[in-house]
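1. Show me the folded form of this:
(one chain, ligands or ions: 1)
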Amino acid sequence: MISKPKGCYDIYGTNAKKWQYVSKIIDSLMEKYNYGYIRTPIFESSELFHRGIGESTDVVTKETYDFVDRGERKMTLRPEGTAGIVRSYVENKMYGDAIQPIKLYYNGTMYRYERPQSGRDREFTQFGVEVLGSNDPMVDAEVISIPVILLSMLGLKGVKVKINSLGDKESRDNYRKALIEYFKPHMTSLCEDCNDRLEKNPLRILDCKVDRENELLKNAPKTIDYLNEESKKRFEEVKSYLDELGIDYEVDTKLVRGLDYYNHTVFEIEASVEGFGSNNVLAGGGRYNGLVNTLDGPETSCIGFACGIGRIIQALDLEEVKLPIIEDLEVFVMYVSDTEKKYASSLVQYLRGNGFRTDTEYTGRGLKAQFKQADRLNSKYLIILNDEDLKNDEVKVKNNKTKEEALVSIDYLLYYLDEHLMDEDYDMDECSCGHDHNHDHECNCGGNCNCGGHNEEI
Ligand code: HAM
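-> As a prediction, this is how the structure comes out:
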C-alpha cells in the first residue's frame, strides 16, 4: 500500500463538509467586504520566494519544496500566498487599475517542509487577504477585523488578538542595531541558527523556535521603544480604529512574525482553547510596504494576513462548536425490482433538478437493504417505486421519521415534497451572516454567530 506523504492529509467525509462550510462562509464574508478572489500558481520560480520572503527566514532556508523542472528552471512549491500575489500584482500591472486599492483574497494549499506535529503540516490550506495600494491605518484595522469576524461567525469563542508595530525603515534599523548590541555578548548561549541570524537579520532571533524559552529573548529590547514619532503616531491610529470597530486586542511588544517583509503593523490571532498545543496561531499578518518594490514594482503600501484553515477546524473541534453542516438527505428513491430501475434513474434526475437533495440505490440490493441505506443517509423522505403504482402515474412517499405513507400523483410530487419538507423547517434562506436561516428566521448556527439576525425577520 502506498501511504500519503508525511505531514499531509486526506480530507473527506464529515471533516470535508466542515472544510467546505468554512470556505463557504469565507466566500460570503469576502463578498460583503468587496474583496476579489485571486488564484495564483501553486509553484513559482524559486527566486520569487528567496527575494520576497527573505533569505534569513526559516521558511526559505529550511522549509521550501524546491525542484528543477524539465526545462532546468528552479521552481518552488509556494510556502505562502503573499509573494505570489505581489508577483501577480506587478506582472499584471494592477497598480494601474482605476479602482484602488486592490483588495484580494485567496484560499489554497501551501507547502512547507516542516517537522510534522499537531498544527504544523507540510501541506496546509490558507485563507488570506491582501490590500495593495493604501497606507491608511483604517485599512490595517479592517484587515485585522476580517479574521476576528470570521472566527466569531464560525462560533469560535476563545481567541486572542495580539498586535505590534515594527515601525518604518528608520525605526526598524534602529531596533536592529539595538538587538545586535544586546545579543552580541551572549551569542554562545544561543543556537547555531541564531548565531547566523545576528548580522543577517537579528529580528529572526526573537522568532526562534529553538531558543523560544531562553531568558535572553524574554528580556530583549522592545520594538515599541525604537519607533520614531511618525511610526508611533501611526500605531496609535491603527489602535484607535480597532477600538472604533470594537475589536479587543493586546499589544505584544515581542511580536515580530517569521517572514522578513513586514513593517509597521504586525498581528496574530491565537486560539486560547485548552488542548491546542504550541502551534495555536490561527492567523497572522501585517503591513509590507516595501515588498512590491523589492519585486520590481512601484513603491506600494500593502497589508494582509493569512490563516490556517486546518488550525481553525482544529480549534472548532476542541471548542466542540457544532457547525450547521448538512448531514442528511431530503429524498431517497427506492425500487422494488429492476422493472422500476430506469424510472428511478430519471426520477432522481428530475428531483435533483428541482432542488431536492436526492439519492438512490446503485448496487442492486433488495428493498430491505435499501431501507437500511436510506437510514444510514438520514433521508427524510423515501419514494418507493413499484410497477403497479407507476401504471397509475403514482408513487408511494413515506416520511422516514413518522413512517406515514401516501400515494402521490407524479404531477403533484414536487408540491407534496416541498410542502412536507417545509413543514419540517428545511426551507433555509441565506442571511447576511453567511449562515442559513429557516423560515422562522432562526439562524441555524446554533446561536454562535454575530449576525444579529437570530430569531429576527430577514
Ligand atoms: P504565516 O504566519 O507564515 O504568514 O502563516 C499564516 C498562518 O498559516 C499561520 O498563522 C497558521 O495558521 C497557518 N500555517 C502556517 N504554517 C502552517 C503549517 N505548517 N501547518 C498548518 N498551518 C500553518 C504567512 O503565511 C503570511 N503570508 C501572511 C500574510 C499575508 N502576511 C501578509 N499577508
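2. pLDDT value on the residue lying closest to Glu327 once chain neighbours are set aside, please?
-> Of all residues not flanking Glu327 in the chain, Asn378 sits nearest, at 6.2 Å (C-beta to C-beta, 6 or more residues apart in numbering). C-betas here are computed from N, CA, C, even on glycine. The score at Asn378 is 97. That number is its pLDDT.
3. Dihedrals phi and psi, Val395?
-> Backbone torsions for Val395, taken as degrees, to the nearest 10, come to phi -140, psi 150.
4. Distance of it relative to Ser346?
-> 12 Å (C-beta to C-beta, to the nearest Å).
5. Have a look at these two and say which one is more surrounded.
-> Val395 (22 against 9; other C-beta atoms under 10 Å).
6. contacting residues around the more buried one?
-> 347, 383-385, 389, 407-408, 410, 413 (C-beta atoms under 8 Å, 6 or more residues apart in numbering).
7. Ok, Asn399 next?
-> Contacts of Asn399 by C-beta under 8 Å, 6+ apart are 380-381, 405, 420.
8. between these, which has the most around it?
-> Using other C-beta under 10 Å as the neighbour test, the contacts of Asn399 are led by Tyr381, with 23 neighbours.
9. helix or strand for that residue, which one?
-> Tyr381 is part of strand 379-385, with elements assigned from DSSP states H and E.
10. Looking at the contacts of Asn399, which is nearest the ligand?
-> Closest to the ligand out of the contacts of Asn399 is Lys380 (37.6 Å), distances taken as C-beta to the nearest ligand atom.
11. mind checking how far the closest one is from Gly297?
-> 55 Å.
12. show me the contacts for Lys6.
-> By C-beta under 8 Å, 6+ apart, Lys6 lies in contact with 116, 122.
13. which SS state does it fall under?
-> coil (DSSP: H, G, I helix; E, B strand; the rest coil).
14. Kindly report the same for Thr265.
-> Of the three states, Thr265 takes strand according to three-state DSSP.
15. my guess is Asn280 meets Glu268, correct?
-> No: checked against C-beta atoms under 8 Å, the pair Asn280 and Glu268 is beyond contact range at 9.6 Å.
16. what about Glu274, neighbour count?
-> Glu274 has 8 nearby residues by other C-beta under 10 Å.
17. Just confirm yes or no for stretch 199-214 near the ligand.
-> No: Stretch 199-214 lies apart from the ligand when judged by C-beta under 6 Å from any ligand atom; the minimum separation is 10.0 Å.
18. end to end, how far does that stretch reach?
-> 19 Å (C-alpha to C-alpha, to the nearest Å).
19. Do a quick rundown of the helices in the stretch 1-150 of the chain.
-> All helices of the stretch 1-150 of the chain, identified by DSSP state H, counting those that start in this stretch, fall at 13-33, 46-53, 58-62, 82-91, 137-154.
20. whoops, I mixed them up, the stretch 201-350 of the chain
-> Counting by DSSP H, counting those that start in this stretch, the stretch 201-350 of the chain has helices at residues 203-206, 215-218, 229-244, 291-294, 309-318, 341-353.
21. so of these, which one's packed in deepest?
-> helix 203-206 (a mean of 23; mean count of other C-beta atoms under 10 Å).
22. could I get that one in PDB with only the CA atoms?
-> Listed next in PDB are the C-alpha coordinates belonging to helix 203-206 (Å, rounded to 0.1, in the frame of the first residue of the first chain):
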ATOM      1  CA  LEU A 203      14.700  40.200  14.400                       C
ATOM      2  CA  ARG A 204      14.600  36.500  13.500                       C
ATOM      3  CA  ILE A 205      16.300  35.600  16.800                       C
ATOM      4  CA  LEU A 206      13.200  36.700  18.600                       C
END
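23. Tell me the helices and strands packed up against it.
-> Judged by 3 or more C-beta pairs under 8 Å, 6 or more residues apart in numbering; DSSP states H and E, helix 203-206 is in contact with helix 169-183, helix 192-200.
24. could you dump the ones you listed to JSON lines with mean pLDDT and mean neighbour count?
-> Below are these laid out as JSON lines (pLDDT from 0 to 100; neighbours: other C-beta atoms under 10 Å):
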{"stretch": "helix 169-183", "mean pLDDT": "93", "mean neighbour count": "17"}
{"stretch": "helix 192-200", "mean pLDDT": "86", "mean neighbour count": "15"}
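25. Adding distance to Lys103, write the ones you listed out as a markdown table.
-> Putting those into a markdown table (distance: least, C-beta to C-beta, whole Å) gives the following:
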| stretch | distance to Lys103 |
| --- | --- |
| helix 169-183 | 25 |
| helix 192-200 | 33 |
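26. How about the residues of the protein by the ligand?
-> 80-82, 112, 114, 119-121, 124, 126, 128, 130, 258-259, 281-286, 288, 304-308, 310-311.
27. how about a cut-off of 5 Å?
-> Residues of the chain lying close to the ligand (C-beta under 5 Å from any ligand atom) are 80, 82, 112, 114, 120-121, 124, 126, 128, 281, 284-285, 304, 306, 308, 311.
28. which of the residues you listed has the most neighbours?
-> Gly285 leads the residues of the chain next to the ligand on contacts (other C-beta under 10 Å) with 27 neighbours.
29. wouldn't it be in contact with Gly304 here?
-> Yes: applying C-beta under 8 Å, one finds Gly285 in contact with Gly304, separated by 5.3 Å.
30. shared neighbours of those two, anything?
-> Counting by C-beta under 8 Å, 6+ apart, the contacts common to Gly285 and Gly304 are 128, 143.
31. Domain map for the chain?
-> Domain ranges of the chain: 13-168+228-318, 329-426, per automatic domain parsing.
32. now, the most widely separated pair of the contacts of Val395?
-> The two members of the contacts of Val395 with the most space between them (C-beta to C-beta) are Leu347 and Leu407, at 15.2 Å.
33. got the buried residues for stretch 100-114?
-> For stretch 100-114, burial by neighbour count (16 or more other C-beta atoms under 10 Å) applies to 101-108, 110-114.
34. I misspoke; the intended subject was stretch 363-370.
-> For stretch 363-370, burial by neighbour count (16+ other C-beta under 10 Å) applies to Gln370.
35. Give me the contact list for it.
-> For stretch 363-370, the surrounding residues in contact (C-beta under 8 Å, 6+ apart) are 332, 334-336, 338, 361, 373, 384.
36. So what's the gap between that stretch and the chain middle?
-> For stretch 363-370, the gap between its own C-alpha mean and the chain's C-alpha mean amounts to 40 Å (C-alpha atoms, centre = their mean, to the nearest Å).
37. cool, stretch 68-80 as well?
-> Counting by C-alpha atoms, centre = their mean, stretch 68-80 comes out at 25 Å from the chain centroid.
38. now do stretch 366-386
-> With C-alpha atoms, centre = their mean as the basis, stretch 366-386 stands 36 Å off its chain's centre.
39. who's in contact with Asn174?
-> 226, 228.
40. pLDDT weak spots in the chain?
-> 425-458 (pLDDT under 70).
41. thinking again about what came up before, what's the closest of the helices and strands packed on helix 203-206 to Phe235?
-> Per C-beta to C-beta, nearest to Phe235 of the helices and strands packed on helix 203-206: helix 169-183, 10.0 Å.
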